[in-house]
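Chemist: quick one, what's the 3D model for this:
(2 chains)
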Amino acid sequence: MSTKRETDFLEDVDRSREKLLNRVFYGTLVVASLFGLVMLILLIADVVWEAYQAFVTFDIDLGNFLTATSSSRAERAGFGASILASLWLMALTAVLAFFIAVGCAIYLVEYAPENRVTRLIEANLANLAGVPSIVYGLLVLALIVNDAGLGSVILAGAIALALLIVPIIIVASIESIRAVPSSVRDGSYAMGATKWQTIRQVVLPQAMPGILTGTILALARAIGETAPLIMVGTMLHATRYPSGPLSSFSAMPTQIYNWTYQADRMFNGLAALGIVALLVFLVGMYALAGYLRKRYETDGGSISNV
Amino acid sequence: MSTETQSGSGISGDDSLEAAHEKNRRVRRVLFGCAAVTVVTTAAIFLVLFDNAASYFFGARISEVLFGGDSIVRTVTFTEFGTGTRWAPDHATPAHGVLPIVWGTLAITIGAGLVSIPIGTATALYLSEYASSGTRNRLKPILEILAGIPTIVYGYFAVSFLTPVLVDGIATFLVNPAGRGLDSVSHIAPGLLEPLASGMMDASVGRYSMLAGILVVGTMTIPMVSSISEDAMQAVPDDLRNGAYALGATKYQVSTRIVLPAAVSGIFASYILALSRAIGETMAVTMAAGFNANLTANPFDEIMTMTAYLVSMARGTSAVGTVEYQSLFAVGLLLFLMTLSMNLLNDRLKRRFQEEYR
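Modeler: Numbering: from 1, shown residues only, chains lettered A, B, ... in the order given. Just a heads-up that it's a prediction; the model follows:
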């Protein structure tokens, strides 16, 4: 803050310029801070408006939209098959990513010695988190879809998404496991428990809410990912329900991508509705993560996820 | 840990103690295996991209040459790949100059940086130095939503709003001489605007433009700059600020001369993270900036980024063995190397920052 108490020997110093600069600077910062906010509002308003327009103009049957498969005729096209495919993807991704990620986090916090291998693993994690998602799609396309001959199926998509979110879950899990106080571990050891017994019965239960929160947030990232699925070679148009992990599919984002590019205006409206559905899923997952975080904070547990 | 000398719960006698130790060792090996998966992933990315990219340049994958005895046929030379100015591997008269799509990626990255870096830094300064804690606690999570919105939604936003309303509006304003657009601006910077405007006169803004791509990618990377920069600014010790205030500095002076320099490596790390994200950004940029590999500086032209090329050529299983399929991996490898070098730089900066204030 500028001082009001200018003493005599400072009288010849003109502070008005500084004060003006200060105010102009403040104004600039406020305007810049609002830019992101304005864009967010515009984006959400645009999607909601387009969805509402489509709803009114084309008289869309919400029940049909939520359950039907997509179709070449816009009046019959629905989002149901894509939603189902996304649920399959999420379940498989969660299973594939969760255990590896938590295992890696436990190793790094509880077991890893201070050596070069550990440093390599840690440095590599930071790098993996920065690899563009489309590159994971390329990896799975070459290795799993074509070389291993699995084809462009849900499992292949889930592998790409799992590779993408493993580093995210690891980072969240490490934080959560580190937050368990060492006194709790020592207490367990004093009772004669082995290291693994301590980890499984004392550390993990305490760290689990944080790990689950991180996993849900990572899955929220995965469910909106489009590029890796396109690279894996999914159908863009979900014309039938996926029957299992080995069936071809189009998930929510890829179906939205397809609808956005159709010439028929009604398809563009369906894309907006699809985005609203996708955002509802995301909000639900964020709410669940927030609930978990809040719940274990207020339970008076000794861990705090700072 | 050497605390495992007593028998644990459910363990009685030496045999089961030995069994518990054995189990511990097994668990440790399994967990190490989990950790190793992450390293294997990186190695696999590198090897698979390299292996497949080889077929683009040499007509055969490295693995095929090693194990199957395929002969090397020079298909695309590195010179053509690195210096050619036309990119159309799938065209009837193919061309393999990667420069146009590298330029597309760089143009979007630089442009997005020009949006997200100043705005993100200003937001971080506001949040860290000016905002009350109540405002900060509300504004920061809201801005972070920007990073959590799926990129396909940004793509839709570009197609349905940014391009037809904003970008088109800006172009009309610049071109239309009636509405004091170009005339009044052109004598400020005639050399800059005239070629731009004459280029736009005949071709109005189409479905795609570099500017729309810059705007969406710039917007979605703001929270990376603002969040991480703000963390770095918060880590600057208050003693430094108080010292400056005691000398009569204004908030502006403290912000620009104390906080910014003190947090500089953390702030730069956030810039690099945002730029790295912009390089790898795919859906929003594809849907906003388009599929036409132009070497152009006109922000109203359609361009193609490396990621947009990958999306446009994705065919799953059907294209194996074609030059389009092979080119995916050459471009993917280049993309991976670009983001890898950014990530390594980011890591070094972050480490330096941690050393400064810990």
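Chemist: from here on, contacts and neighbour counts on C-alpha atoms
Modeler: Will do.
Chemist: so which residue is dead centre in the chain?
Modeler: No chain was given, so I picked chain A. In chain A, the centroid-proximal residue (CA atoms, centre = their mean) is A:Arg221; its distance is 2.0 Å.
Chemist: please go with chain B instead
Modeler: Short answer for chain B (CA atoms, centre = their mean): B:Arg277, at 1.8 Å.
Chemist: quick one: pLDDT of that one?
Modeler: B:Arg277 is assigned a pLDDT of 93 by the prediction.
Chemist: and the helix or strand containing the residue nearest to the centre of chain A with chain B, contact?
Modeler: A:Arg221 belongs to helix A:204-223 when elements are defined using DSSP states H and E. Yes: applying CA under 8 Å from any CA of the partner chain, one finds helix A:204-223 in contact with chain B at A:Arg221.
Chemist: buried ones in that helix?
Modeler: A:204, A:206-223 (16 or more other CA atoms under 10 Å in any protein chain shown).
Chemist: and that helix, what does it pack onto?
Modeler: helix A:80-106, helix A:154-178, helix A:265-298 (3 or more CA pairs under 8 Å, 6 or more residues apart in numbering or on different chains; DSSP states H and E).
Chemist: any buried residues in the last one, and which?
Modeler: This means helix A:265-298. A:266-279, A:281-282, A:285-286, A:288-289, A:293, A:296.
Chemist: now do the contacts for the residue of the stretch 201-350 of chain B at minimum distance from chain A.
Modeler: Residue nearest to chain A within the stretch 201-350 of chain B: B:Gly316 (3.8 Å; CA to the nearest CA). Under the criterion of CA atoms under 8 Å, 6 or more residues apart in numbering or on different chains, the neighbours of B:Gly316 are A:141, A:145, A:151-152, A:231-234.
Chemist: in the chain, spot the helix with the most residues.
Modeler: Since no chain was named, I'll use chain A. helix A:16-57 (DSSP state H).
Chemist: chain B was what I was after
Modeler: Per DSSP H, chain B has its longest helix at helix B:13-58.
Chemist: quick one on the thing from earlier: how near is the residue nearest to the centre of chain A to A:Val283?
Modeler: When distance is defined by CA to CA, to the nearest Å, A:Arg221 is 12 Å away from A:Val283.
Chemist: next one, pLDDT for B:Ser63 please.
Modeler: For B:Ser63, pLDDT reads 81.
Chemist: ignore what I typed, I meant B:Arg351.
Modeler: 78.
Chemist: so which helix or strand takes in it?
Modeler: Using DSSP H and E, the element containing B:Arg351 is helix B:323-356.
Chemist: and that helix, how far out from the chain middle?
Modeler: 9 Å (CA atoms, centre = their mean, to the nearest Å).
Chemist: same for that helix, what does it pack against?
Modeler: By 3+ CA pairs under 8 Å, 6+ apart, helix B:323-356 packs against helix A:116-129, helix A:133-140, helix B:13-58, helix B:264-280, helix B:306-313.
Chemist: before we move on, the earlier item: quick one: the longest helix of chain A to helix A:265-298, angle?
Modeler: With axes from the mean of the first three to the mean of the last three CA atoms, to 10 degrees applied, the angle from helix A:16-57 to helix A:265-298 works out at 120 degrees.
Chemist: and helix A:16-57 with chain B, contact?
Modeler: Yes: Helix A:16-57 lies within reach of chain B by CA under 8 Å from any CA, at A:18-19, A:21-22, A:25-26, A:28-30, A:32-33, A:35-37, A:39-40, A:43, A:46-47.
Chemist: just checking, next helix/strand downstream of that helix?
Modeler: Defined by DSSP H and E, the subsequent element after helix A:16-57 is helix A:62-67.
Chemist: in that next one, what counts as buried?
Modeler: A:65-67.
Chemist: now do stretch B:219-238
Modeler: Result for stretch B:219-238 [16+ other CA under 10 Å]: buried residues B:219-236.
Chemist: which of those fall within helices?
Modeler: Mapping these onto helices (DSSP H) picks out B:219-234.
Chemist: quick check: of those residues, which lies closest to A:Gly80?
Modeler: A:Gly80 lies nearest to B:Met220 out of these, by CA to CA, at 28.8 Å.
Chemist: show the contacting residues for the closest one.
Modeler: Counting by CA under 8 Å, 6+ apart, B:Met220 touches B:146-147.
Chemist: averaged pLDDT, stretch A:95-108. What do you get?
Modeler: Summarised as a single mean, pLDDT over stretch A:95-108 is 96.
Chemist: what's the answer for stretch A:24-36, then?
Modeler: The average pLDDT within stretch A:24-36 is 94.
Chemist: what does that stretch rub up against?
Modeler: Contacts for stretch A:24-36 (CA under 8 Å, 6+ apart): B:119-120, B:122-123, B:125-126, B:130, B:143, B:146, B:219, B:222, B:252.
Chemist: any regions of the stretch 151-300 of chain B where pLDDT drops low?
Modeler: Within the stretch 151-300 of chain B, the stretches with pLDDT under 70 are B:176-205.
Chemist: same check, this time on the stretch 1-150 of chain B
Modeler: B:1-14, B:69-70.
Chemist: please list which of the buried residues of helix A:265-298 are also close to chain B.
Modeler: Within these, those near chain B by CA under 8 Å from any CA are A:272, A:275.
Chemist: tell me the contacts of B:Val217?
Modeler: By CA under 8 Å, 6+ apart, the contact list for B:Val217 reads B:108, B:112, B:278, B:281, B:284-285.
Chemist: and for A:Met235?
Modeler: A:248-250, A:254.
Chemist: max pairwise distance over those: which two?
Modeler: Longest span within those, CA to CA: A:Ser248 and A:Thr254, 12.7 Å.
Chemist: between the helices and strands packed on helix A:204-223, which one is nearest to B:Lys350?
Modeler: Of all these, helix A:154-178 sits nearest to B:Lys350, with 16.0 Å by CA to CA.
Chemist: quick check: angle from the closest one to helix A:133-140?
Modeler: Using the same axes, to 10 degrees, helix A:154-178 lies at 120 degrees relative to helix A:133-140.
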